[in-house]
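# Curious how this folds, go ahead:
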Amino acid sequence: MRALNQRLVLDRLRAQGEATRPQIAADTGLSKPTVGQALLDLEQHGLVRTTGRSLAGPGRAAVVYQAAPDAGHVVGVDIGRRAIRIAVADLEGSIVARFDEPNRCRSASALVRTVSESVERAVSSAGLSPHEVVATVVGTPGVPDPATGTVHRAPNLPGWERPGLLHELVAALAVAGSDVVVENDANLCAVGEHALGAALGVDVLVCLTVGTGIGMGLLVNGGLFRGAHGAAGEIADLPYGPLQAGTVEHRPGPVETAASGQAVLDAAHELGLTKARSAKDVFRLARTGDERAMRVVEDEAEKLAYVIAAVTAVLDPRLIVLAGGIGGNADLLAEPMRRALAATVPVVPEIVAGQLGEDAVLAGAIATALGTARELVFDRRGLSRAAGLA
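Reported below is the predicted structural model:
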């Protein structure tokens, strides 16, 4: 019971911010002596600290308490085809160190080594030792399978589908007992936009990421939906056009072949836009009014609407968030997507641009890590054991 009271008080401070003992008692329903004992225990173990005194109201000024943000730290990692992004945050989610670098790795082993070394540098630059990191969450393309130690459906990272690779990555990052979770990057993009971006307060949403590859993160009732095997949202494998035998092992999948960044560039070249070097160039030309580029963008929007129509018919999401290098062009894509959807599905969900840009996966990784870390620090500080012995 003592441990439960401590958790209740700590949760109150984390959820609603600093407060006095009477305020905590009123908000939690606990007695003032019980709150006082819980605060004493939490303060002794470094999970709560005083910030001053409140002068509001008559009588003696009351001590103000807050959850200690530096009681533990988390690490978020975003492994992309072109870049590796790392952030270290305290328990309030404030970033205390950031480290970005190009991904020039040509093998899975080199990428694991680079990620591990980069995390070490980020933690060190934050002035922390490894044991102060409570939880680490890594975003990666593909479907992480912890049972086999394999990342499936990750063709854009060389060697990343090698059996056992996932175990190597977790082992390299699990320094000083840190809890390590590897999650699909589109899933974390959805979590990030839900926590801090375009999808705040939305319970049923789809985050469509389109760039080098194509993926989808799904949130249902505010929680991440992974499916029975962790492969929910792997829309690259959706059929596009006539079904062909033997395509299940082909990578990239049909939709990814039809609608990813390379597809946009190929379509532009076919229309004579040979000077375009990337999908970004095509969208830039479309913004200048180039008719051929605008035709490519319109075609891309219709392809993405094809995907969204299938998902909408099953999930009926309230919101579609477009993210990734191509998805970030919602100003050009959203309206033709709405028109195409209106001809296909009875209810067209709202389509918006993601607000977090390149940081969406990293934001989702930090948010996910915080959910784990805030529970773990309680046990790591020995409060449960101390309460049981008291």
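# Any regions of the protein where pLDDT drops low?
Applying pLDDT under 70 to the chain picks out residues 55-59, 176, 241-251, 381-390.
# for it, what's the longest helix?
helix 291-315 (DSSP state H).
# which is the next helix or strand following that one?
Later in the chain than helix 291-315, the nearest helix or strand by DSSP states H and E is strand 319-323.
# Just the CA coordinates for that next one, please, in PDB.
Only the C-alpha atoms of strand 319-323 are listed here, as PDB (Å, rounded to 0.1, in the frame of the first residue of the first chain):
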ATOM      1  CA  LEU A 319      -7.200  11.700 -39.400                       C
ATOM      2  CA  ILE A 320      -4.600  10.900 -42.000                       C
ATOM      3  CA  VAL A 321      -1.200  12.400 -41.200                       C
ATOM      4  CA  LEU A 322       1.200  12.600 -44.200                       C
ATOM      5  CA  ALA A 323       4.900  12.300 -43.300                       C
END
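# right, and residue 188 touches residue 364 too?
Yes. Here residue 188 reaches residue 364: they are 3.2 Å apart, a contact under CB atoms under 8 Å. Just so you know, the C-beta spots here come from the backbone N, C-alpha and C atoms, and that holds for glycine as well.
# any common contacting residues for these two?
Listed as contacting both residue 188 and residue 364 by CB atoms under 8 Å, 6 or more residues apart in numbering are residue 139.
# neighbours around residue 117, how many?
The number of residues packed near residue 117 is 11, by other CB atoms under 10 Å.
# Give me the phi and psi for it.
Per-residue torsions, residue 117: phi -70, psi -40 (degrees, to the nearest 10).
# begin at 11 from here
Okay, using 11 as the starting number, the last item reads as residue 127.
# Look up how far residue 114 lies from it.
Going from residue 127 to residue 114 by CB to CB, to the nearest Å gives 13 Å.
# Likewise for residue 209?
Counting by CB to CB - residue 209 and residue 114 are separated by 33 Å.
# do the same with residue 177
For residue 177, the distance to residue 114 - CB to CB - is 24 Å.
# Ok, residue 166 next?
14 Å.
# and what of residue 138?
For residue 138 relative to residue 114 (CB to CB), the value is 27 Å.
# Among the two, which residue is more densely surrounded?
residue 138 (19 against 11).
# and that one, helix, strand or coil?
Classification of residue 138 using DSSP: H, G, I helix; E, B strand; the rest coil returns coil.
# Not counting its neighbours along the chain, what's nearest it?
residue 83 (5.9 Å; CB to CB, 6 or more residues apart in numbering).
# And for residue 92?
That would be residue 113: by CB to CB, 6+ apart, it lies 5.8 Å from residue 92.
# Could you report the neighbour count for that neighbour?
Using other CB under 10 Å: residue 113 sits among 17 other residues.
# just residue 375 next, same as before
Residue 375 has 32 nearby residues by other CB under 10 Å.
# What distance do you get for it to residue 201?
8 Å.
# try residue 167
21 Å.
# the more surrounded of the two?
Using other CB under 10 Å, the more surrounded residue of residue 167 and residue 201 is residue 201, with 29 against 22.
# my read: the more buried one touches residue 232, true?
No. Counting by CB under 8 Å, residue 232 is not a contact partner of residue 201; they are 10.2 Å apart.
# contacting residues around the spatially closest residue to residue 368 that is not a sequence neighbour?
Computed as CB to CB, 6+ apart, the closest residue to residue 368 that is not its neighbour in sequence is residue 95, at 7.3 Å. Residue 95 makes contact with 87, 88, 108, 109, 110, 368, 369, 371, 372, according to CB under 8 Å, 6+ apart.
# Export the residues you listed to TSV and append columns for neighbour count and secondary structure.
Below are those laid out as TSV (neighbours: other CB atoms under 10 Å; DSSP: H, G, I helix; E, B strand; the rest coil):
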residue	neighbour count	secondary structure
87	29	strand
88	26	strand
108	16	strand
109	19	strand
110	15	strand
368	16	helix
369	22	helix
371	34	helix
372	26	helix
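# Relative to residue 112, how far out is residue 363?
Taking CB to CB, one finds residue 363 at 25 Å from residue 112.
# Compare those two (neighbour count), which wins?
Taking other CB under 10 Å, residue 363 and residue 112 do not tie; residue 363 has more neighbours (18 against 9).
# tally of neighbours for the closest residue in space to that one that isn't next to it in sequence?
Distances taken as CB to CB, 6+ apart put residue 340 closest to residue 363, at 3.4 Å, once the chain neighbours are dropped. Residue 340: 20 surrounding residues under other CB under 10 Å.
# Show the backbone phi and psi for residue 340.
Here residue 340 shows phi and psi, under degrees, to the nearest 10, equal to phi -60, psi -30.
# in terms of contact, does it touch residue 367 like I think?
No. Using CB under 8 Å, residue 340 makes no contact with residue 367, being 11.5 Å away.
# how close does residue 126 sit to residue 354?
46 Å.
# same check, this time on residue 388
According to CB to CB, residue 388 and residue 354 sit 49 Å apart.
# ditto for residue 191
Taking CB to CB, one finds residue 191 at 37 Å from residue 354.
# returning to what we had before: columns distance to residue 145 on top of the contacts of residue 95, output as JSON lines?
Formatted as JSON lines, the contacts of residue 95 follow (distance: CB to CB, whole Å):
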{"residue": "87", "distance to residue 145": "12"}
{"residue": "88", "distance to residue 145": "16"}
{"residue": "108", "distance to residue 145": "18"}
{"residue": "109", "distance to residue 145": "17"}
{"residue": "110", "distance to residue 145": "21"}
{"residue": "368", "distance to residue 145": "22"}
{"residue": "369", "distance to residue 145": "19"}
{"residue": "371", "distance to residue 145": "16"}
{"residue": "372", "distance to residue 145": "14"}
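# ok, those vs residue 317, which is closest?
residue 371 (19.7 Å; CB to CB).
# need the contact list for that closest one.
88, 90, 95, 149, 195, 198, 199, 202.
# who touches the nearest residue to the second one once chain neighbours are set aside in this structure?
This means residue 90. Residue nearest to residue 90 in three dimensions, not counting chain neighbours: residue 113, with 6.3 Å by CB to CB, 6+ apart. Residue 113 makes contact with 89, 90, 91, 92, 93, 94, 121, 124 under the criterion CB under 8 Å, 6+ apart.
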